[in-house]
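1. 3D model of this:
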Amino acid sequence: MTITAERLEGLLEQEPPQGADGYTEFLVRARGSLAGGPVREQVLSIRGYTDGIACTSFGQSNVAVVAVAESGRTTVLSESGELVLEPDALTVGCPACIAPSNGRSYRRSPAWDLTLTGHRPEQFFQTHDGLVVIETDHGCVVLSDPLVHRSPCECAGLRSPIPLEIESDACT
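-> Numbering: from 1, shown residues only. Now for the predicted structure:
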């Protein structure tokens, strides 16, 4: 998923130079719990392509996401293990790109442009309870906490007749 910051003041360890290959390595301070440890300030290395459209505060960058909780805490993968970020500085994914009609889901799109993640908008639908679902080749995945995989037969019964609202951005 994409990763960005509302503001960079106080987050960057130093102003990073752009590399010759168009990528920039950002060293970012963020509070979180690493590999089940206590919540404390961590330093993340975020690599982003900065010789093009600035999709995020860190160029065209993304992180591997394991989970997004209703509380706003996001679990990302790092070289040192799973890192659960506190919801105070960094934003992962696009919180406003997928919205069910009843507003109950706290799920977010992996990116502003769903085609970048290999998904088409028609693969997403909402359940009768207002949860967001992604259709797959082998059924569907309900974006709940935890994620739930359903068979194709079960998926058909989950689909609400109310369409899911999906916003996209031209940021590629």
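
2. ok, which stretches of this protein are helices?
-> For the chain, applying DSSP state H gives helices covering 152-158.

3. Could you chop the protein up by domain?
-> Here the domain assignment for the chain is 3-92, 98-166, based on automatic domain parsing.

4. Can you add mean neighbour count and mean pLDDT and give the ones you listed back as JSON lines?
-> Bear in mind the C-beta positions are built from the backbone N, C-alpha and C, glycine included. JSON lines is the format used below for the domains of the chain (neighbours: other Cβ atoms under 10 Å; pLDDT from 0 to 100):
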{"stretch": "domain 3-92", "mean neighbour count": "15", "mean pLDDT": "85"}
{"stretch": "domain 98-166", "mean neighbour count": "16", "mean pLDDT": "74"}
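
5. Beta-bridge partners for Val141, please?
-> Using DSSP bridges, the beta-bridge partners of Val141 come out as Ile134, His149.

6. Tell me who's in contact with it.
-> By Cβ atoms under 8 Å, 6 or more residues apart in numbering, Val141 lies in contact with 133-134, 147-150.

7. how about a cut-off of 10 Å?
-> By Cβ atoms under 10 Å, 6 or more residues apart in numbering, the residues touching Val141 are 132-135, 147-150, 155.

8. cool, Pro87 as well?
-> Contacts for Pro87 (Cβ under 10 Å, 6+ apart) come out as 31-32, 68-69, 71-74.

9. Kindly list the main-chain dihedrals of it?
-> Main-chain torsions, Pro87, degrees, to the nearest 10: phi -80, psi 50.

10. ok, and the closest non-adjacent residue to Arg40?
-> Counting by Cβ to Cβ, 6 or more residues apart in numbering, Arg40 lies nearest to Arg31, which is 6.9 Å off, once chain neighbours are set aside.
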